[in-house]
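Participant: everything below, folded, please.
(one chain, ligands or ions: 1)
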Amino acid sequence: MDLRIELLRKGHRPEDFDCGKPQLNEWLHRFALQQQDKNYARTRVVVDEKDPGGVLGYYSLLPCQLDTQHFPAARKLPQRLPCLLLGKLAVAVKSMQQGIGALLLADAIDRTRLAIAEVGGIGLFVEAIDDEARSFYRHFGFEAFRDDDRRLFLNVAWP
Ligand SMILES: CC(C)(COP(=O)(O)OP(=O)(O)OC[C@H]1O[C@@H](n2cnc3c(N)ncnc32)[C@H](O)[C@@H]1OP(=O)(O)O)[C@@H](O)C(=O)NCCC(=O)NCCS
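Facilitator: Now for the predicted structure:
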């Protein structure tokens, strides 16, 4: 496979995407392009050059303010801090376990670093949809909040 990561656009076929989780399918089918057009969130998709419209995986990224009350890091912090939110991330069932989830996450982390270098922020925040998703993010070094282990954070700003 010759994979590319691209911004979601009209030529893609998000409606064919199926990751096995209706909530994540529906968001891509119905809302991702709308939110992109309004600049509320950016969605990037993985496509194979042989079928440039077919979506094999996607993630969405947007700015957010993080409430630091139950934050994992043991340090004194302001009550709220700027952050990037990984709003969604999913891989099509037929393309799972081939490294596409890792590829998407690496791209999201790179873009978080770039955004933080430009405008500030402390890292990448995600709310895992279930325990399986939580375990995926833990595998990549995300730390769980003290009051809710499905809320996770990856520091990309502090040494
Ligand atoms: C979770 C998900 C994104 C993983 O995608 P994937 O393409 O199958 O994962 P990859 O093949 O890239 O796996 C990369 C690494 O993560 C590990 N991994 C994958 N799923 C994992 C899980 N649920 N828990 C722990 N580790 C996991 C793999 O073993 C692999 O490890 P390695 O780097 O040591 O080899 C995919 O299963 C998915 O889309 N699930 C449904 C939607 C979902 O739950 N999304 C989470 C957003 S809330």
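
Participant: nearest to the ligand: which residue in the protein?
Facilitator: residue 101 (2.4 Å; C-beta to the nearest ligand atom). Placement of C-beta: from N, CA and C, glycine included.

Participant: that's a strand at that residue, yeah?
Facilitator: No - under DSSP: H, G, I helix; E, B strand; the rest coil, residue 101 falls outside any strand and is assigned helix.

Participant: give me the nearest residue to residue 116, chain neighbours excluded.
Facilitator: Sequence neighbours aside, residue 157 is the residue nearest to residue 116 in space, at 5.4 Å (criterion: C-beta to C-beta, 6 or more residues apart in numbering).

Participant: what residues are up against the residue of the chain closest to the ligand?
Facilitator: Each residue near residue 101 by C-beta atoms under 8 Å, 6 or more residues apart in numbering is listed here: 57, 89, 91, 136.

Participant: got a pLDDT number for the second one?
Facilitator: At residue 89, the model reports a pLDDT of 98.

Participant: residue 62: how many residues sit nearby?
Facilitator: Residue 62 is flanked by 15 other residues according to other C-beta atoms under 10 Å.

Participant: make that residue 116, sorry
Facilitator: Neighbourhood size, residue 116 [other C-beta under 10 Å]: 18.

Participant: just the buried residues of the helix or strand harbouring it, please?
Facilitator: Per DSSP states H and E: residue 116 is located in helix 100-119. By neighbour count on 16 or more other C-beta atoms under 10 Å, the buried set for helix 100-119 is 100, 101, 103, 104, 105, 108, 109, 111, 112, 113, 115, 116.

Participant: stretch 79-91 now?
Facilitator: 81, 82, 83, 84, 85, 86, 87, 88, 89, 90, 91.

Participant: swap in stretch 24-32?
Facilitator: Neighbour count says stretch 24-32 has 24, 25, 27, 28, 29, 31, 32 buried, by 16+ other C-beta under 10 Å.

Participant: follow-up on the earlier one: what about the helix holding residue 116, average pLDDT?
Facilitator: 97.

Participant: what's downstream of that helix, the next helix or strand?
Facilitator: Following helix 100-119 in sequence, per DSSP H and E, is strand 123-127.
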